[in-house]
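*Asks:* The sequence and its predicted three-dimensional model are supplied below.
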Amino acid sequence: MTKWATNVGYPGYANAAVDEIFNTWVLNTMFAKAASGAMSPADAVKEADRRCKAIHEKWREKNLV
């Protein structure tokens, strides 16, 4: 049993963009693609970075980030 936890995004604040990145498994997918050989680690990081930036931009346009 976990006795304590922090919010997703810690030490920053949780927000809609962080929530979407977490819930759509952007980072998990990045690691899986690199570990399985589906992508090079560098390419997997670049793809995840693009996805994170697009998600943040979507929420910035809605003034929720």
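*Replies:* Sure, I can see it. Residues are numbered from 1 along each chain as shown.
*Asks:* what's the distance between the helix or strand containing residue 53 and the middle of its chain?
*Replies:* According to DSSP states H and E, residue 53 maps onto helix 41-61. Between the centre of helix 41-61 and the centre of its host chain there is 8 Å, according to C-alpha atoms, centre = their mean, to the nearest Å.
*Asks:* Now do the buried residues in it.
*Replies:* Neighbour counts using 16 or more other C-beta atoms under 10 Å place 44-45, 47-48, 51-52, 55-56, 59 of helix 41-61 among the buried residues. (C-beta placed from N, C-alpha, C; glycine too.)
*Asks:* repeat for stretch 15-23
*Replies:* Result for stretch 15-23 [16+ other C-beta under 10 Å]: buried residues 17-18, 20-21.
*Asks:* for the residue most central in space within the chain, what are its contacts?
*Replies:* The centroid of the chain falls nearest to residue 21 when counting by C-alpha atoms, centre = their mean (3.6 Å). Applying C-beta atoms under 8 Å, 6 or more residues apart in numbering to residue 21 gives the contacts 27, 51-52, 55.
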